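In: can you look at this prediction? I've put the sequence above it.
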Amino acid sequence: MPVEVKAICKYTIWIKYQDGSSGTIDLSDLAFKPVFLFWEEGNNFEKVFINQSTGAIAWNDEIELCPDSLYFEINNLSPESYIMKESF
């Protein structure tokens, strides 16, 4: 579960998780896709937050990213390798 998130620069966020792992994620591959055009208005990208109900990394009700997927990316894990790691 993420405990902290902040925008570092345009299209890059830093996330810290409960287990102490943290890292940056480049989201530029999502930029300019229809729903993500919200980021281009004003300083909307910098308004990133953690949705307290779902744990998702969010900007509004329409833009939420899965915290588990981002965790795997930060820690260079696949879902399968994570399951194997947790089972030992």
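Out: Great, that's in hand.
In: ranges for the strands of the chain?
Out: Under the criterion DSSP state E, strands of the chain are mapped to 2-9, 12-17, 22-26, 49-50, 57-58, 64-65.
In: residues contacting the residue lying closest to Glu64 once chain neighbours are set aside?
Out: Nearest residue to Glu64 in three dimensions, chain neighbours excluded: Ala56, at 3.8 Å (CB to CB, 6 or more residues apart in numbering). C-beta here means a position set from N, CA and C on the backbone, and glycine is covered the same way. Going by CB atoms under 8 Å, 6 or more residues apart in numbering, Ala56 touches 50, 64-67.
In: where does pLDDT dip in the protein?
Out: Low-confidence segments of the chain, defined by pLDDT under 70, are located at 81-88.
In: and the helices in it?
Out: All helices of the chain, identified by DSSP state H, fall at 67-74, 79-87.
In: single out the most deeply packed of the strands of the chain.
Out: Across these, the average number of neighbours (mean count of other CB atoms under 10 Å) peaks for strand 57-58, which reaches a mean of 21.
In: packing partners for that one?
Out: Packed against strand 57-58 by the contact rule (3 or more CB pairs under 8 Å, 6 or more residues apart in numbering; DSSP states H and E) you find strand 49-50, strand 64-65.
In: report the distance from the last one to the chain centre.
Out: Offset of strand 64-65 from its chain centre (CA atoms, centre = their mean, to the nearest Å): 7 Å.
In: do stretch 54-66 as well
Out: Relative to its parent chain, stretch 54-66 has a centroid offset of 8 Å by CA atoms, centre = their mean.
In: then stretch 70-84?
Out: 14 Å.
In: also stretch 2-15?
Out: With CA atoms, centre = their mean as the basis, the mean position of stretch 2-15 lies at 7 Å from the chain mean.
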